[in-house]
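Participant: sequence plus the predicted model coming up.
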Amino acid sequence: MNASFARLWLWIFGIGYAVLVGLLLQTLFTPAPYGDLARIGRISDHDFGWRIDPPHVDPALLRGVPLEQADILVIGDSFSATHRWQSQLAKAGYGVATTYWQGIDETLCDDFDGWLAAGGFRGKLVIVESVERLVDFRLERSQACREMKKPLAANPEVPSPPLDSVPGFALNWEGQLYAGFLTQRCTRAAIEGKKRSGCDQQTRAHAVPDGCALFSNRRCEMALFLGQDEASRELTAAHAAQLQAFGKARGTVPILWMIVPDKTTTYLKPAHSRDFVKAFGDAGLGPDLYAFAQQQKTAMRDFYMPNDTHISMQGQLVLGDRMVQAVKEKLAAPRGG
């Protein structure tokens with residue numbers, strides 16, 4: 001009897017050990033995710049990771065200047081956190097300081113001019129950058145706001161330094177024991193359009209027309225998208241009117257609005273927020289980055305990264321060139337927008 005129990009426990013132990021070793025090996029050989037959508041959804045970057053090395057940018061162009069020396073203040077979100085598009089402004093000779101929506105409670109208030117002055121900004125222009133899906137939220141928060149609660153501050157360093165090359169092979173020692181298993185499971189579910197426990201549905205894989213001409217990932221007929229993009233409502237002409245009203249009420253420094261289209265809008269729903277885009281353009285509030293994105297997505301592979309919500313580093317440089325053009329046009333125009 002004792003020998004039978006011993007053999008049973010040995011058998012159970014052996015099975016458990018084999019399972020653990022199998023899970024460990026699977027995780028070790030599963031690449032650590034390097035795109036935000038791959039990380040959120042536990043989806044394999046072997047299938048969806050970008051494979052084009054980003055261009056080198058002189059570090060001196062990435063470093064911001066003190067607020068007191070800045071020609072341009074950028075108020076931005078994660079699309080501005082690498083300082084890549086701003087580097088083209090610096091290259092054109094402008095001193096750029098960048099602050100972030102999250103540091104000002106996602107809000108612009110009535111005392112905006114005084115807030116700029118109190119923070120030491122004496123420059124020529126403010127660029128307010130926002131990704132499309134957060135414009136409605138930020139405008140709603142700003143509507144009834146009378147006073148900026150946080151002082152203006154701008155760190156010259158890059159808060160989110162991007163990778164400077166495609167990650168090479170490396171054993172994934174940092175992953176949880178079952179990370180490889182979950183990644184395989186969630187990747188298969190995303191590709192098949194199915195829901196699985198443990199897989200965040202905020203990341204979705206969609207087929208993209210002519211995808212292999214647009215993206216560099218191995219499974220290039222598909223790319224990853226943020227579920228929130230699909231759930232967010234369209235921007236309208238009323239949103240453009242709110243932006244225009246805020247700019248007209250400010251008398252000290254002109255504002256250039258920089259609305260970055262969602263990745264889903266760019267690749268899957270190009271007519272999304274169409275009324276907003278027309279009203280925005282008619283009012284001359286800023287560059288039409290919707291049309292710009294439609295042009296650039298076919299002009300280069302990985303304008304947006306296939307495994308990420310964001311524009312790629314090479315995409316950000318051409319975005320920066322477009323913003324240099326917009327800045328020159330804005331500063332040459334009469335005040336009143």
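Facilitator: Looks like it arrived, so ask away.
Participant: check which element follows the lowest-mean-pLDDT helix or strand in the chain along the chain.
Facilitator: Across the helices and strands of the chain, mean confidence by mean pLDDT, DSSP states H and E is lowest for helix 2-28: a mean of 62. Using DSSP states H and E, the helix or strand that follows helix 2-28 in sequence is helix 36-41.
Participant: and for that following helix, what are the contacting residues?
Facilitator: For helix 36-41, contacts defined as CB atoms under 8 Å, 6 or more residues apart in numbering pick out 33, 43-45, 48-49, 186, 190, 199-204, 224-226, 307-310. From N, CA and C alone the C-beta is placed, and that goes for glycine too.
Participant: in strands, which of these appear?
Facilitator: Within those, residues falling in strands by DSSP state E are 203-204, 224-226.
Participant: okay if I get those as JSON lines plus neighbour count and pLDDT?
Facilitator: Shown next, in JSON lines, are these (neighbours: other CB atoms under 10 Å; pLDDT from 0 to 100):
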{"residue": "203", "neighbour count": "24", "pLDDT": "96"}
{"residue": "204", "neighbour count": "20", "pLDDT": "95"}
{"residue": "224", "neighbour count": "30", "pLDDT": "98"}
{"residue": "225", "neighbour count": "23", "pLDDT": "98"}
{"residue": "226", "neighbour count": "22", "pLDDT": "97"}
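Participant: any chance of those in a markdown table with distance to residue 301 as columns?
Facilitator: Output for these, formatted as a markdown table (distance: CB to CB, whole Å):
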| residue | distance to residue 301 |
| --- | --- |
| 203 | 21 |
| 204 | 21 |
| 224 | 15 |
| 225 | 17 |
| 226 | 20 |
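Participant: which one of those sits closest to residue 298?
Facilitator: Nearest to residue 298 among these: residue 225, at 18.0 Å, using CB to CB.
Participant: name all residues that make contact with the closest one.
Facilitator: By CB under 8 Å, 6+ apart, the contact set of residue 225 is 37, 203-206, 263-264, 267-268.
Participant: pLDDT wise, what is residue 124 at?
Facilitator: pLDDT for residue 124: 95.
Participant: and it, how many neighbours?
Facilitator: Using other CB atoms under 10 Å, residue 124 has 15 neighbouring residues.
Participant: equivalent analysis for residue 268, please.
Facilitator: For residue 268, the neighbour count with other CB under 10 Å is 17.
Participant: list the contacts for it?
Facilitator: 206, 208, 225.
Participant: mind telling me what element the first one is part of?
Facilitator: Using DSSP H and E, residue 206 sits within strand 203-207.
Participant: who's in contact with stretch 152-160?
Facilitator: 62-67, 70, 73, 78, 81-83, 97-100, 103-104, 115-116, 118-121.
Participant: quick check: which ranges of the stretch 201-337 of the chain have low pLDDT?
Facilitator: 333-337 (pLDDT under 70).
Participant: any idea which of the contacts of residue 268 is closest to residue 149?
Facilitator: Nearest to residue 149 among the contacts of residue 268 is residue 225, at 33.9 Å by CB to CB.
Participant: specify the beta-bridge partners of the closest one.
Facilitator: Beta-bridge pairing of residue 225 under DSSP bridges involves residue 204.
Participant: quick one: secondary structure of residue 257?
Facilitator: Following DSSP: H, G, I helix; E, B strand; the rest coil, we place residue 257 in the strand state.
Participant: quick one, what contacts it?
Facilitator: Counted by CB under 8 Å, 6+ apart, residue 257 has contacts 127-128, 243, 247, 280, 285-286.
Participant: the contacts of stretch 152-160, buried ones only, as a PyMOL selection?
Facilitator: Buried residues among those (16 or more other CB atoms under 10 Å), as a PyMOL selection:
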select buried, resi 62+64+65+67+70+73+78+81+82+83+97+98+99+100+104+115+116+119+120+121
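Participant: so of the contacts of stretch 152-160, which ones are in strands?
Facilitator: Going by DSSP E, the strands hold 73, 97-100 from those.
Participant: let's have the residues you listed in a markdown table, adding pLDDT and distance to residue 57.
Facilitator: What follows is the ones in strands among the contacts of stretch 152-160, written out as a markdown table (pLDDT from 0 to 100; distance: CB to CB, whole Å):
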| residue | pLDDT | distance to residue 57 |
| --- | --- | --- |
| 73 | 98 | 21 |
| 97 | 98 | 18 |
| 98 | 99 | 15 |
| 99 | 99 | 21 |
| 100 | 98 | 20 |
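Participant: how far away is residue 188 from residue 4?
Facilitator: 40 Å (CB to CB, to the nearest Å).
Participant: can you check residue 199 too?
Facilitator: On the measure of CB to CB, residue 199 and residue 4 end up 42 Å apart.
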